[in-house]
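1. Give me a 3D structure for the following:
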Amino acid sequence: PGDFGGWFHKTGVVTADYVPPPKAEKIKLPLSHWRSRCEEMSRSPMAAAGRRALAEKLGVSVDSLERLGVGVGYETDRRGEQRRFFSFPERDELGRPVGCLRRYDDGAKYHMKNSSRGVYMAKDWNKAPGPILLPEGGSDTAAMLTMGLCVLGRAQCLGGATRLKNILIDYPRRGIVVIGENDCQPDKRGRPETAKHCPANCGGCQLCWPGKHGARETAYKLTDLLKRDVYWYMVPGAKDTRAWVQLHGPDGLAFLRGLSLPAAVLRAFENQTKVT
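-> Below you'll find the predicted structure:
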């Protein structure tokens, strides 16, 4: 009997040679394309109003979105209607756009066709005091910029370590901390949202807690590439950095203290900001 009524009748074994469809070839677009495309959306007549609306929704500052080069674009959906999205440029080691993330009003996120993966980077990111923080995603990067922290945003939960290494190798005296998301939150029935994908529900692998797994593995990879200690910590008491700012406000020192960073790393931030 079938699980949803009716009956299944086995009539024999059917075999066939499955040939998967060919993957679409990814075209590598020149840097000039992404520079002009991202600048076009960032300077759009609707960009300023869009950034204000997005900043209010995310709980971050408008300045943080401007520094990341966030813009506004539109596309036509299947019904022929215009759909707005916010553009988050992803950059290479020199700060040049190599791709772009589209974030829609409903929170959905997609990469533009033929985008390469990079980092979310403000032009003056290295001028901020304290350790270099590596959160995941453009909105968390904006939240840390709002707090006045030194931040480079990871575009991926896993991966991108080589590009980060090429940037971070120039800062041998600054602490480096990978920030993980608490994305293994219980649903309305008290069950972890991602646990259904992990047979063991181990609470730390890529299937049941991707934010933790990604932060840990990225820190280990950077430690190996840079030949120095790279720390990893989870966002304290919130799902991600943006949620933490919404709960506690843009207090960068309080955020770093909540991470339980080594005393030497925290002391360096306090000295640079002249906070006791």
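
2. Check whether Leu65 really touches Leu54, as I assumed.
-> Yes - using CB atoms under 8 Å, Leu65 makes contact with Leu54 at a distance of 6.3 Å. Where you see a C-beta, it was placed from the backbone N, CA and C, and this is true even at glycine.

3. Who has more neighbours out of the two?
-> Set Leu65 next to Leu54 and count neighbours by other CB atoms under 10 Å: Leu65 wins out with 28 against 19.

4. In three-state terms, label that one for me.
-> In three-state terms, and counting by DSSP: H, G, I helix; E, B strand; the rest coil, Leu65 is helix.

5. show me the contacts for it.
-> By CB atoms under 8 Å, 6 or more residues apart in numbering, the residues touching Leu65 are 51, 54-55, 142.

6. Count the residues that sit near the closest residue to it other than its chain neighbours.
-> What sits nearest to Leu65 in space, not counting adjacent residues and going by CB to CB, 6 or more residues apart in numbering, is Arg51, at 4.6 Å. Arg51 has 23 neighbouring residues, counting by other CB under 10 Å.

7. Do you know the pLDDT at Arg51?
-> At Arg51, the model reports a pLDDT of 96.

8. Same question for Asp187.
-> pLDDT recorded at Asp187 is 48.

9. what's the closest non-adjacent residue to Thr162?
-> Closest to Thr162 by CB to CB, 6+ apart is Leu225, at 7.2 Å.

10. hmm, I was thinking of Thr76
-> Spatially, and ignoring its direct neighbours in sequence, Thr76 is nearest to Gln82 (6.2 Å; CB to CB, 6+ apart).

11. next one: Trp232
-> Trp232's closest residue in space is Ala219 (CB to CB, 6+ apart), at 3.7 Å.

12. What of Lys165?
-> In space, Lys165 is closest to Leu225, 4.2 Å off (CB to CB, 6+ apart).

13. so that neighbour sits in a strand?
-> No - going by three-state DSSP, the assignment for Leu225 is helix, not a strand.

14. Distance check, it against Trp209.
-> 24 Å (CB to CB, to the nearest Å).

15. just Gly12 next, same as before
-> Distance of Gly12 to Trp209, given as CB to CB: 44 Å.

16. and what of Tyr120?
-> Distance from Tyr120 to Trp209, by CB to CB: 22 Å.

17. Mind jotting down where the helices sit in the stretch 101-250 of the chain?
-> 138-146, 161-168, 210-226, 241-248 (DSSP state H, counting those that start in this stretch).

18. In a markdown table, list those along with mean pLDDT and distance to Cys38.
-> Shown next, in a markdown table, are these (pLDDT from 0 to 100; distance: least, CB to CB, whole Å):
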| stretch | mean pLDDT | distance to Cys38 |
| --- | --- | --- |
| helix 138-146 | 96 | 13 |
| helix 161-168 | 95 | 18 |
| helix 210-226 | 93 | 25 |
| helix 241-248 | 94 | 22 |
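
19. Quick check: which of those helices is buried the most?
-> Most buried of the helices of the stretch 101-250 of the chain by mean neighbour count (mean count of other CB atoms under 10 Å) is helix 138-146; its value is a mean of 29.

20. Touching that one from outside, list them.
-> 55, 58-61, 63-65, 67-68, 70, 88, 101, 103, 120, 122, 125, 133, 135, 151-153, 179, 181, 240-242, 244-245, 250, 252.

21. In strands, which of the residues you listed appear?
-> Those of these mapping onto strands are 88, 101, 103, 120, 133, 151, 153, 179, per DSSP state E.

22. The first one - how many residues pack around it?
-> Other residues within reach of Phe88 by the criterion other CB under 10 Å amount to 27.

23. hmm, back to that, could you identify the buried members of the contacts of helix 138-146?
-> Buried by 16 or more other CB atoms under 10 Å: 55, 58-61, 64-65, 67-68, 70, 88, 101, 103, 120, 122, 125, 133, 135, 151-153, 179, 181, 240-242, 244-245, 250, 252, out of the contacts of helix 138-146.
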